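*Asks:* Got a predicted model here, sequence first, then my questions.
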Amino acid sequence: MIRAAPFLLLLLMHPTVVHGAEEARPAGGGEKKDGLWLSGAQEMQDLAQLSWEYMQDLQCWLWPDKCEDKRSQMEWSWDPLHLLTDWYAKVLDGTDFAQKSITNNLTGLQWDLDRRVHGQHLATKQILSSLERFLREDGTKKTLALSFHGWTGTGKNLAARIIAENLYQDGQRSRCTRVFIPQLHFPHPSHVEAYKAQVTKQLQAVSSHCAQPLLVFDEMEKLPADLLQSLFPLLNLEETQTTKSIFIFLSGVGAGTINEVALNFWRAGRHREEITIDDLNRPLRAAIQQSKDQLWTQDVIDEFVAFLPLERRHVKLCARDVIEARGLAYNESDVESVIQELLFVPNDEKIFSAQGCKQVVQRIGFNSMAKDSKAGHT
């Protein structure tokens with residue numbers, strides 16, 4: 001049925017399929033549905049009707065001057081890509097794929113966090129304990145809101161991806177997950193009202209066909225304030241709700257405070273593994289309160305998770321992971337050459353990577369191409 005959808009969309013563009021449906025109807029079977037008729041299974045008829053409705057929306061976007069339904073034009077004018085993704089989601093709504101994809105593999109989650117998220121003993125512990133407690137509760141709590149804070153490249157996005165990979169069979173590609181990126185999904189401040197309506201619609205849609213939605217908001221400090229405010233009702237679901245939602249917000253707010261705590265431990269000759277949640281909790285919350293962000297000041301966040309700045313040894317582990325993932329031979333001198341190209345701070349001590357592990361992938365890829373090119377000329 002899904003493979004037939006593009007063909008149906010093209011077919012429904014032809015006027016003879018929609019107009020004059022009564023004349024085209026053969027004798028001896030079938031039903032007319034809202035002026036549209038197709039023989040065959042009811043599911044195919046429903047798909048055809050849905051495709052026709054969304055084709056009308058698409059036409060409104062392409063030719064707004066010919067659009068009769070102004071409400072549809074207003075709804076989709078800001079981002080036509082959402083029209084197609086929403087159509088695809090609704091095509092699958094009659095299936096139970098989303099329910100089957102929930103795995104909640106907490107053992108795998110612990111292993112992946114410990115193995116792949118380097119230098120974050122506090123964050124991995126907090127994430128695991130929060131999710132275990134939430135997923136194993138009796139169902140009274142309907143929403144878990146986690147806020148990840150730290151410098152760029154410290155593992156916030158990686159941790160969110162690992163969570164998705166272990167809670168859902170298809171990871172972030174699962175129909176139970178949504179990832180929102182401000183620059184991609186909300187690029188124009190003048191369209192905030194449209195964004196608010198569309199985000200609410202998407203969150204309601206994923207909740208309608210998934211018992212455990214996962215919603216990730218990257219760089220949340222860049223989200224419009226009005227858009228954040230529209231999330232408050234979604235973060236306070238009633239106990240009568242049948243879904244249990246997980247919200248994860250990623251942010252750089254408070255990173256300077258986290259880095260200062262880590263640097264003070266290093267200067268005092270103490271290991272970073274000695275840093276406790278209590279050491280970070282108060283200064284991090286103070287920094288967050290100073291930001292005066294509406295979401296954080298509404299007491300809707302269950303856990304503030306701090307990601308520490310990465311040292312040289314952690315960046316090397318990231319490089320090892322990239323090399324192994326690409327099936328390349330590990331070479332210590334090659335890894336060291338990549339590390340030497342990165343910026344470390346503060347200027348005097350040069351302890352922490354200014355970009356964490358963010359540039360490691362690009363550096364290794366560039367160095368590999370340069371090495372292959374050099375070998376080809378010899």
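*Replies:* Here it is on my side, so go on.
*Asks:* can you list the weak-confidence ranges in the stretch 201-350 of the chain?
*Replies:* Within the stretch 201-350 of the chain, the segments meeting pLDDT under 70 span 237-241, 292-298.
*Asks:* Quick one: residues in contact with the host helix or strand of Leu250.
*Replies:* Per DSSP states H and E: Leu250 is located in strand 245-251. Strand 245-251 is contacted from outside by 131, 134, 142-149, 156-157, 160, 163, 167, 207, 212-221, 231, 234-235, 237, 295, 301, using Cβ atoms under 8 Å, 6 or more residues apart in numbering. Quick note: C-beta positions are derived from backbone N, CA and C, even for glycine.
*Asks:* and the next element down the chain from that strand?
*Replies:* Next element after strand 245-251 (DSSP H and E): helix 255-267.
*Asks:* Buried residues, that next one. List them.
*Replies:* For helix 255-267, a neighbour-count test (16 or more other Cβ atoms under 10 Å) marks Ala255, Thr257, Ile258, Asn259, Val261, Ala262, Leu263, Phe265, Trp266 as buried.
*Asks:* Hmm, Ile127 is touching Leu146, no?
*Replies:* Yes: counting by Cβ atoms under 8 Å, Leu146 is a contact partner of Ile127 at 7.0 Å.
*Asks:* Quickly list what's touching both of those two.
*Replies:* Taking Cβ under 8 Å, 6+ apart as the criterion, Ile127 and Leu146 both touch Val305.
*Asks:* quick one, phi/psi of Arg178?
*Replies:* Note on Arg178: its backbone torsions stand at phi -140, psi 140 [degrees, to the nearest 10].
*Asks:* Just want to check the distance between it and Val253.
*Replies:* Separation of Arg178 from Val253 (Cβ to Cβ, to the nearest Å) stands at 22 Å.
*Asks:* Arg363 too?
*Replies:* Between Arg363 and Val253 the distance is 27 Å, computed by Cβ to Cβ.
*Asks:* now His149
*Replies:* Per Cβ to Cβ, His149 is found 6 Å from Val253.
*Asks:* do the same with Gly327
*Replies:* Distance from Gly327 to Val253, by Cβ to Cβ: 38 Å.
*Asks:* try Lys156
*Replies:* To Val253, Lys156 is 12 Å away according to Cβ to Cβ.
*Asks:* what is in contact with the two at once?
*Replies:* His149.
*Asks:* and the two? which has more neighbours close in?
*Replies:* Comparing Lys156 with Val253 by other Cβ atoms under 10 Å, the one with more neighbours is Lys156, at 28 against 20.
*Asks:* tally of neighbours for Ser251?
*Replies:* There are 24 residues near Ser251, going by other Cβ under 10 Å.
*Asks:* what separates it from Val216, distance-wise?
*Replies:* Distance of Ser251 to Val216, given as Cβ to Cβ: 12 Å.
*Asks:* Repeat that for Ala160.
*Replies:* 5 Å.
*Asks:* overlap in contacts of the two?
*Replies:* Val179, Ile248, Leu250.
*Asks:* ok, now how distant is the second one from Phe265?
*Replies:* By that I understand Ile248. 27 Å.
*Asks:* list the contacts for Gly155?
*Replies:* Applying Cβ under 8 Å, 6+ apart, the residues contacting Gly155 are Val117, His118, Gly119, Gln120, Ala123, Phe307, Gly356, Cys357.
*Asks:* Of the residues you listed, which is the nearest to Ile339?
*Replies:* Cys357 (10.9 Å; Cβ to Cβ).
*Asks:* residues in contact with the closest one?
*Replies:* His118, Gly153, Thr154, Gly155, Leu310, His314, Val315, Cys318.
*Asks:* Repeat the analysis, applying 10 Å as the threshold.
*Replies:* By Cβ atoms under 10 Å, 6 or more residues apart in numbering, Cys357 lies in contact with 118-119, 152-155, 158, 310, 314-319, 321-322, 342.
*Asks:* Can you give the domain ranges for the chain?
*Replies:* Following automatic domain parsing, one finds the domains of the chain at 5-91, 106-307, 312-376.
*Asks:* Rounded mean pLDDT for the first one, please.
*Replies:* If you average the pLDDT over domain 5-91, you get 48.
*Asks:* just checking, what packs against whatever helix or strand Gln183 lives in?
*Replies:* When secondary structure is defined by DSSP H and E, Gln183 falls within helix 182-185. Under the contact criterion of 3 or more Cβ pairs under 10 Å, 6 or more residues apart in numbering; DSSP states H and E, helix 182-185 touches helix 80-91, helix 192-209.
*Asks:* Mind doing that once more with 8 Å?
*Replies:* The helices and strands touching helix 182-185, judged by 3 or more Cβ pairs under 8 Å, 6 or more residues apart in numbering; DSSP states H and E, number zero.
*Asks:* what sits up against that helix?
*Replies:* By Cβ under 8 Å, 6+ apart, the surrounding residues in contact with helix 182-185 are Asp79, Tyr195, Asp218, Glu219, Met220, Lys222, Leu223.
*Asks:* Mind checking which of the residues you listed are buried?
*Replies:* Counted by 16+ other Cβ under 10 Å, the contacts of helix 182-185 give Asp79, Tyr195, Asp218, Glu219, Met220, Leu223 as buried.
*Asks:* tell me the contacts of the third one?
*Replies:* Taking Cβ under 8 Å, 6+ apart, we find Asp218 in contact with Asn157, Val179, Phe180, Ile181, Pro182, Leu250.
*Asks:* of those residues, buried ones?
*Replies:* The neighbour count (16+ other Cβ under 10 Å) marks Asn157, Val179, Phe180, Pro182, Leu250 as buried among the contacts of Asp218.
*Asks:* Columns distance to Asn347 on top of those, output as JSON lines?
*Replies:* Listed next are the buried ones among the contacts of Asp218 as JSON lines, based on distance: Cβ to Cβ, whole Å:
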{"residue": "Asn157", "distance to Asn347": "28"}
{"residue": "Val179", "distance to Asn347": "36"}
{"residue": "Phe180", "distance to Asn347": "36"}
{"residue": "Pro182", "distance to Asn347": "31"}
{"residue": "Leu250", "distance to Asn347": "28"}
